[in-house]
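> kindly return the folded structure for what I paste below:
(2 chains)
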Amino acid sequence: QKEVEQNSGPLSVPEGAIASLNCTYSDRVSQSFFWYRQYSGKSPELIMSIYSNGDKEDGRFTAQLNKASQYVSLLIRDSQPSDSATYLCAVIPPHNQFYFGTGTSLTVIP
Amino acid sequence: DTGVSQDPRHKITKRGQNVTFRCDPISEHNRLYWYRQTLGQGPEFLTYFQNEAQLEKSRLLSDRFSAERPKGSFSTLEIQRTEQGDSAMYLCASSFWASLTGELFFGEGSRLTVL
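Got it, this is the predicted structure:
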């Protein structure tokens, strides 16, 4: 079982819609969770970090964490074409090393 | 520019040659990571340092790969006797590790092509 699993997509949403990206992780005692955005040919950039159960909002982005279900999600409201990218979920299990999922490709259609 | 910097950005080499990549992390960061990424995949962990100590190296990593961070500042990743399967983007990232966490910031990457 992989440490972090994501649906690779592709996910397509119309401009202005909500995009929902999901991630599950295997190590129950993981404490830190991150979402990165990666444009084609570029390196990943940090969007959100979340450490506690519940929701965390930052502008159009909301991260949701459910440790009981070992589930992390990212919601993008009012999706824009510039949001088209691959979104990577990352988790730090107790042995203190970042594990990344394979990423979900998102396309926002104008 | 105070971000993570990597050099060179692109490297084309022939199979069997050695290559070395350099990474300069964000100055106040105490951890430095190396990842490898191929098309359609997420970053694959290679190794990481806390200050000058190499704390973990991926079990999947061939003995042809070696990394150093001699003074706890910049780091080098060397690949000896390159193979075509080594062609990938090599990403360096750094973080300030405290209280069992730290956000990771990436450099632009070094793209390796082995002919």
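
> what's the local residue count around residue 81?
This is for chain A. Other residues within reach of A:Pro81, judged by other Cβ atoms under 10 Å in any protein chain shown, total 10. C-beta: built from backbone N, CA, C; applies to glycine.

> switch to chain B, please.
The burial count assigned to B:Arg81 is 11, neighbours taken as other Cβ under 10 Å.

> and for A:Ile50?
With other Cβ under 10 Å as criterion, A:Ile50 counts 19.

> quick one, strands of the chain?
No chain was given, so I picked chain A. Listed from the start of the chain, chain A has strands (DSSP state E) covering A:4-6, A:11-14, A:19-25, A:32-38, A:45-50, A:54-58, A:61-66, A:71-76, A:85-92, A:99-100, A:104-109.

> not what I meant, chain B
Counting by DSSP E, chain B has strands at residues B:5-7, B:10-13, B:19-24, B:31-37, B:44-50, B:53-57, B:65-68, B:75-79, B:88-95, B:105-106, B:110-114.

> contact residues of chain B facing chain A?
Applying Cβ under 8 Å from any Cβ of the partner chain, one finds that chain B approaches chain A through B:33, B:35, B:40-45, B:48, B:55-56, B:89, B:91, B:93, B:97, B:100-101, B:103-109.

> and the buried ones among the residues you listed, selectable in PyMOL?
The PyMOL selection below is limited to those of the residues of chain B next to chain A classed as buried (16 or more other Cβ atoms under 10 Å in any protein chain shown):
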select buried, chain B and resi 33+35+42+43+44+45+48+89+91+93+97+101+103+104+105+106+107+108+109
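
> parallel or antiparallel, list what pairs with the helix or strand bottoming out on mean pLDDT in chain B.
Across the helices and strands of chain B, the lowest-confidence element by mean pLDDT, DSSP states H and E is strand B:53-57, at a mean of 91. With DSSP bridges as the criterion, the sheet partners recorded for strand B:53-57 are strand B:44-50 (antiparallel).

> what residues are bridge-paired with residue 106?
As the question left the chain open, I've gone with chain A. Bridge pairing for A:Leu106 (DSSP bridges) gives the partners A:Leu11, A:Ala85.

> sorry, I should have been clearer: chain B.
B:Phe106 forms beta bridges with B:Ala93, as assigned by DSSP bridges.

> which ones are touching it?
If a contact means Cβ atoms under 8 Å, 6 or more residues apart in numbering or on different chains, then B:Phe106 has A:Ser43, A:Pro44, A:Glu45, B:Val4, B:Leu91, B:Cys92, B:Ala93 as its contacts.

> much appreciated, bye for now.
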